[in-house]
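# What follows is a protein structure lacking sequence information:
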């Protein structure tokens with residue numbers, strides 16, 4: 001195990017890729033630690049194995065630093081294979097979760113690919129089926145404060161056969177290759193010169209414009225908005241829509257507790273038009289320029305208590321989830337026989353007060369996920385493979 005040389009020593013450990021552990025209790029097989037059958041996979045963690053020659057030419061604390069930095073890897077516009085590796089970039093595809101790729105559990109063929117519901121259905125020779133989720137999903141990037149939108153893509157066509165263990169889908173943001181030749185390719189091959197210049201003070205680096213474009217990443221930010229149950233939604237962005245900074249994500253009338261007041265305002269809008277809009281309309285503006293990749297909503301009251309426009313938005317959200325559920329139901333009688341977990345079709349939260357840490361009280365919480373294209377700029381950090389981190393100057 002690699003151990004950090006800081007306050008986490010003995011607390012945060014990184015297990016060897018092929019550890020000599022026989023069960024969940026941590027029992028190990030007795031034997032000679034210097035036995036000839038041991039290799040790098042028995043001695044080093046996956047983070048260390050991803051860096052060539054580190055086992056022979058690096059020390060434990062630095063290997064721990066390398067492993068820690070590898071956890072912060074985010075996809076970039078350019079993704080190239082390493083010129084030579086330990087093989088860990090291929091072996092890592094065997095251990096990753098279905099968030100990033102899907103492997104065939106048995107021999108079979110591709111039965112259906114439905115891009116509308118974001119599902120790929122496969123039929124195994126033993127008579128069973130499985131489903132792969134190919135929809136776009138924003139995933140929280142740990143403690144980074146932002147999200148990464150992950151979407152797997154089918155690597156086979158409808159009717160094409162496959163063998164057990166073959167890769168069916170993977171996200172193009174992290175992997176290149178096909179089938180057994182699929183490898184993790186998290187970065188770009190670039191030319192690096194180590195020199196002392198006035199423009200590279202301390203741990204900074206001077207980069208070219210083409211390098212900056214290669215390091216472009218796509219970051220997803222979440223914008224929250226809550227309103228009362230009587231609010232009247234006039235306009236709202238759609239998934240896939242492009243927005244600019246200060247564009248309205250949602251345009252609405254303020255919610256009043258008195259339903260008659262809301263009806264009066266709606267009627268006055270028909271008579272006075274834009275003049276009435278200037279007095280009553282509110283907007284939730286976007287802080288970012290990018291693409292809407294997902295919209296989620298939660299409500300803390302019964303759907304029947306929502307205004308007609310809010311109820312329409314809630315029904316559209318429920319309909320999209322139910323359409324995916326119907327697709328699964330048409331192939332699977334038992335929901336435990338597939339690996340897709342859908343969100344609830346009705347996002348009703350019974351405990352009035354907070355939803356996901358946000359104070360909603362009685363009303364609706366919207367979550368807008370905006371994917372932003374971030375070109376590497378001054379002050380941002382790059383990792384040059386083996387934990388050589390430099391800020392861009």
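On my side now, so go ahead. Quick caveat, the model's predicted, so the values are computed rather than measured.
# all helices of the stretch 1-150 of the chain, in order?
40-43, 46-49, 54-57, 60-70, 88-91 (DSSP state H, counting those that start in this stretch).
# Comparing these, which comes out most buried?
Highest mean neighbour count of the helices of the stretch 1-150 of the chain: helix 46-49, a mean of 23 (counted as mean count of other CB atoms under 10 Å). Just so you know, the C-beta spots here come from the backbone N, C-alpha and C atoms, and that holds for glycine as well.
# Tell me the helices and strands packed up against it.
Judged by 3 or more CB pairs under 8 Å, 6 or more residues apart in numbering; DSSP states H and E, the packing partners of helix 46-49 are helix 54-57, helix 60-70, helix 88-91.
# Tell me which of the ones you listed sits nearest to residue 25.
helix 60-70 (24.5 Å; CB to CB).
# for the closest one, packing partners?
strand 2-3, helix 46-49, helix 54-57.
# I'd like these as JSON lines, with mean pLDDT and distance to residue 368 appended.
Formatted as JSON lines, the helices and strands packed on helix 60-70 follow (pLDDT from 0 to 100; distance: least, CB to CB, whole Å):
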{"stretch": "strand 2-3", "mean pLDDT": "56", "distance to residue 368": "40"}
{"stretch": "helix 46-49", "mean pLDDT": "78", "distance to residue 368": "35"}
{"stretch": "helix 54-57", "mean pLDDT": "73", "distance to residue 368": "42"}
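# Mind putting the ones you listed into CSV with distance to residue 165?
Formatted as CSV, the helices and strands packed on helix 60-70 follow (distance: least, CB to CB, whole Å):
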stretch, distance to residue 165
strand 2-3, 29
helix 46-49, 19
helix 54-57, 28
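# can you list the domain ranges for the protein.
Taking automatic domain parsing as the reference, the chain has its domains at 2-70, 88-189, 217-374.
# Of the ones you listed, give the one that comes closest to residue 205.
Closest of these to residue 205 is domain 88-189, at 14.4 Å (criterion: CB to CB).
# Low-confidence bits of the stretch 1-150 of the chain, can you list those?
Within the stretch 1-150 of the chain, the ranges that satisfy pLDDT under 70 run 1-13, 31-37, 60, 142-144.
# got TSV for the domains of the chain, with distance to residue 207 too?
Shown next, in TSV, are the domains of the chain (distance: least, CB to CB, whole Å):
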stretch	distance to residue 207
domain 2-70	18
domain 88-189	12
domain 217-374	14
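# Out of these, which gets nearest to residue 196?
domain 2-70 (22.3 Å).
# Can you tell me the closest non-neighbouring residue to residue 93?
In this structure, residue 93 finds its nearest non-sequential neighbour in residue 182, 5.5 Å apart by CB to CB, 6 or more residues apart in numbering.
# so what's that neighbour up against?
Going by CB atoms under 8 Å, 6 or more residues apart in numbering, residue 182 touches 90, 93, 101, 167, 170, 175, 176.
# Same check on residue 211?
Taking CB under 8 Å, 6+ apart, one finds 190, 376 in contact with residue 211.
# isn't there a helix covering it?
Yes. Judged by DSSP: H, G, I helix; E, B strand; the rest coil, residue 211 forms part of a helix.
# Please tell me how far it sits from residue 290.
Note on residue 211: its distance to residue 290, by CB to CB, to the nearest Å, is 23 Å.
# do the same with residue 132
27 Å.
# cool, residue 166 as well?
Separation of residue 166 from residue 290 (CB to CB) stands at 35 Å.
# ok, now residue 198?
In terms of CB to CB, residue 198 sits 36 Å off from residue 290.
# Identify the residue nearest residue 47 in space, chain neighbours excluded?
residue 67 (2.8 Å).
# Ok, residue 17 next?
residue 41 (4.7 Å).
# quick one: contacts for the residue positioned nearest the centre of the chain?
Central residue of the chain (CA atoms, centre = their mean): residue 139, 3.0 Å from the mean position. Contact analysis of residue 139 by CB under 8 Å, 6+ apart lists 99, 147, 148, 149, 150.
# Enumerate every residue touching the first one.
For residue 99, the set of contacting residues under the criterion of CB under 8 Å, 6+ apart consists of 137, 139, 150.
# Does the first one touch residue 341 like I think?
No. Residue 137 sits out of contact with residue 341 when judged by CB atoms under 8 Å, with a separation of 10.8 Å.
# want to try JSON lines for the contacts of residue 99, with distance to residue 83 as columns?
As requested, the contacts of residue 99 are exported to JSON lines (distance: CB to CB, whole Å):
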{"residue": "137", "distance to residue 83": "33"}
{"residue": "139", "distance to residue 83": "30"}
{"residue": "150", "distance to residue 83": "27"}
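# Which positions within the strand or helix carrying residue 370 qualify as buried?
Under the criterion of DSSP states H and E, residue 370 resides in strand 364-374. For strand 364-374, burial by neighbour count (16 or more other CB atoms under 10 Å) applies to 364, 365, 366, 367, 368, 369, 370, 371, 372, 374.
# Next: stretch 302-322.
Going by 16+ other CB under 10 Å, stretch 302-322 has these buried residues: 303, 306, 307, 309, 310, 311, 313, 314, 317, 318, 320.
# gap between the residue nearest to residue 17 and residue 293?
Taken as CB to CB, the span from residue 41 to residue 293 is 37 Å.
# Helices of the stretch 151-300 of the chain, residue ranges please.
So, for the stretch 151-300 of the chain - with DSSP H, counting those that start in this stretch - the helices run 209-214, 259-272, 274-280.
# where among those is the average confidence lowest?
When the helices of the stretch 151-300 of the chain are compared on mean pLDDT, helix 274-280 scores lowest, with a mean of 59.
# Contacts only, for the closest residue to residue 380 other than its chain neighbours.
Distance criterion CB to CB, 6+ apart; nearest residue to residue 380, sequence neighbours excluded, is residue 392 at 5.3 Å. Contacts of residue 392 were listed using CB under 8 Å, 6+ apart, and they are 204, 205, 207, 212, 376, 377, 378, 379, 380, 381, 382.
# ok, 10 Å please
For residue 392, the contact set (CB atoms under 10 Å, 6 or more residues apart in numbering) comprises 204-207, 211-212, 215, 376-382.
# So for the lengthiest helix in the chain, mean pLDDT?
For the chain, the longest helix by residue count, based on DSSP state H, is helix 308-329. Helix 308-329 shows a mean pLDDT of 88.
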